[in-house]
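*Asks:* I need the structure of the sequence given here:
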Amino acid sequence: MTVNTANVLGKRRSLLHEARCQNCSLSSLCLPLALELEDMEQFDAIIRRRSPLKKGEPLFRQGSTFDSVFAVRSGSLKQVTTEGSGEDQVTNFYLPSELVGLDGIDEESYPGSVIALETTTVCEIPFDRLDTLSEHLPELRTQLYRSMSKELRDDRKMMRLLSRKTADQRLASFFLNLSERFRRRGYSPYSFRLSMSRADIGNYLGLAVETVSRILGRFQQQKLVDVSGREVNILDLEALAAQAQDPL
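*Replies:* A predicted model of the protein is given here:
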């Protein structure tokens, strides 16, 4: 065995070791949240580790047969649904530890295409094996129900956001949502990088990209946020939260 071959094999073993649920820094946020070590090993055994997705590469396409859910390990993705008119609608963004594909269970097909916004790694969890395992592990089933409940709750929040709030409130709410999601993962809730473009943000919030840029300019003048390219610094979290609220 050559030195280079040994190095490659060593790196692969290291990556496989790091990819196990027991060694994952996100396990406290993911499905194995409440599992004991032995149960976690059973869960780990059903997971398929996939090669990293490149920016712009699809995880799956709209209409594909539902067979797995996916946990984001690193990077980020967007979900895009193509309407009957052929128009694309961004319907979700996914960050590390979040589950992708739960909305495909009902009709047994994925309702939108999920595309990498940057280099992204995921754990694939075959749903039939997850369902079978959760019958024997009540804690796993409870966590799965919680994930589904959270997705329903987030969908309701999004409907309210689009139907009742002003453009300024939508963008402020979007930043607050990202801030909280980064905080839960142990990152700064005040400084983060946007992996999505302004066009994607506008599409998601039902706003023209010019409107997003104009509101960002106004937020900077009001000293709520400082934006440089895709780097966001929240300067006044309390004032930004007030901006997101419905007017009295």
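*Asks:* which residue ranges form the helices in the chain?
*Replies:* Secondary structure of the chain (DSSP state H): helices located at 3-19, 37-45, 127-136, 138-164, 167-184, 198-205, 209-221, 237-244.
*Asks:* what helices or strands is the fourth one leaning on?
*Replies:* Which is helix 138-164. In terms of contacts (3 or more C-beta pairs under 8 Å, 6 or more residues apart in numbering; DSSP states H and E), helix 138-164 is packed against helix 37-45, helix 127-136, helix 167-184. To be clear about C-beta, it is placed using only N, CA and C from the backbone, and glycine gets the same treatment.
*Asks:* Can you tell me which of these has the worst average pLDDT?
*Replies:* Across the helices and strands packed on helix 138-164, helix 37-45 has the smallest mean pLDDT, namely a mean of 78.
*Asks:* what residue ranges in this structure are flagged as low confidence?
*Replies:* For the chain, applying pLDDT under 70 flags the ranges 1-23, 25-37, 246-248.
*Asks:* Now do the contacts for the residue most central in space within it.
*Replies:* In the chain, the C-alpha nearest the mean C-alpha coordinate belongs to Y94, at 1.4 Å (C-alpha atoms, centre = their mean). For Y94, the contacting residues are V72, S76, L77, K78, Q79, V100, V114, by C-beta atoms under 8 Å, 6 or more residues apart in numbering.
*Asks:* which one of these has the most neighbours?
*Replies:* In terms of neighbour count, L77 stands highest of the contacts of Y94 at 27 neighbours, by other C-beta atoms under 10 Å.
*Asks:* For that residue, which non-adjacent residue is closest in space?
*Replies:* Nearest residue to L77, sequence neighbours excluded (C-beta to C-beta, 6 or more residues apart in numbering): Y94, at 4.6 Å.
*Asks:* and what of R61?
*Replies:* Closest residue in space to R61, ignoring its immediate chain neighbours: S113 at 4.9 Å, by C-beta to C-beta, 6+ apart.
*Asks:* Check P52 too.
*Replies:* Per C-beta to C-beta, 6+ apart, closest to P52 is T121, 4.8 Å.
*Asks:* beta partners for the one you found?
*Replies:* Beta bridges link T121 to S74, judged by DSSP bridges.
*Asks:* Quick check: it touching A71?
*Replies:* No: between T121 and A71 there is no contact under C-beta atoms under 8 Å: 9.8 Å.
*Asks:* related to what we said a few turns ago, what sits against the residue nearest to R61?
*Replies:* S113 makes contact with P58, F60, R61, Q62, Q79, V80, T81, T82, according to C-beta under 8 Å, 6+ apart.
*Asks:* Give me the distance between it and L59.
*Replies:* Separation of S113 from L59 (C-beta to C-beta, to the nearest Å): 8 Å.
*Asks:* Check the gap between the closest residue to Q62 other than its chain neighbours and V100 for me.
*Replies:* Nearest residue to Q62, sequence neighbours excluded (C-beta to C-beta, 6+ apart): S113, at 4.5 Å. Counting by C-beta to C-beta, the gap between S113 and V100 amounts to 11 Å.
*Asks:* Spit out the residues that contact these two alike.
*Replies:* Both S113 and V100 are contacted by Q79, under the criterion C-beta under 8 Å, 6+ apart.
*Asks:* L53: which of the helices of the chain is closest?
*Replies:* L53 lies closest to helix 3-19 among those, at 15.0 Å (C-beta to C-beta).
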